[in-house]
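> Here is my input, please return the structure:
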Amino acid sequence: MAKYEMRGGGTISGDSAREVVEAIRYSSFNPEADTEAFVRALAERCKTYDGSTIRTDTFDNTVADLLKAGFLTPCK
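From the prediction side, this is the model:
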């Protein structure tokens, strides 16, 4: 199980990229109607926050981009 620290505080974990994204969604103040809508909204918020581009085509790409942009950091 992968465990990550979120830039805004707190930790999340999951056995797959989808579970990681769902954990982020469940911790969000704006969880949206479903996971796919949440990912699109999350990508927009990241873009607004610091210009980061977060791909929304797959959960694996979303998590990879969140890591690359520093929104998630693997726990040690």
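
> residue contacts, residue 47?
For residue 47, the contact set (Cβ atoms under 8 Å, 6 or more residues apart in numbering) comprises 53, 54. The way it works is simple: take the backbone N, C-alpha and C, and place the C-beta from them, glycine included.

> in this protein, which ranges drop under the pLDDT threshold?
For the chain, no stretch is flagged by pLDDT under 70.

> Which residue ranges of it form strands?
Ranges of strands in the chain, per DSSP state E, are 2-6, 11-14, 72-74.

> Throw the ones you listed into JSON lines and include mean neighbour count, thanks.
Output for the strands of the chain, formatted as JSON lines (neighbours: other Cβ atoms under 10 Å):
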{"stretch": "strand 2-6", "mean neighbour count": "16"}
{"stretch": "strand 11-14", "mean neighbour count": "16"}
{"stretch": "strand 72-74", "mean neighbour count": "14"}
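
> Could you dump these into TSV with distance to residue 59 added?
Shown next, in TSV, are those (distance: least, Cβ to Cβ, whole Å):
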stretch	distance to residue 59
strand 2-6	12
strand 11-14	10
strand 72-74	13
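
> Show me where the chain has its helices.
Assigned by DSSP state H, the helices in the chain fall at 17-27, 35-50, 59-69.

> Which among these is found nearest to residue 3?
helix 17-27 (9.3 Å; Cβ to Cβ).

> Show residues contacting the closest one.
Residues outside helix 17-27 that contact it (Cβ under 8 Å, 6+ apart): 2, 4, 6, 10, 12-14, 31-32, 35, 38-39, 42, 58-60, 62-63, 66, 72.

> now it: how far from the chain's centre is it?
Here the centre of helix 17-27 is set off from its chain's centre by 7 Å, with Cα atoms, centre = their mean, to the nearest Å.
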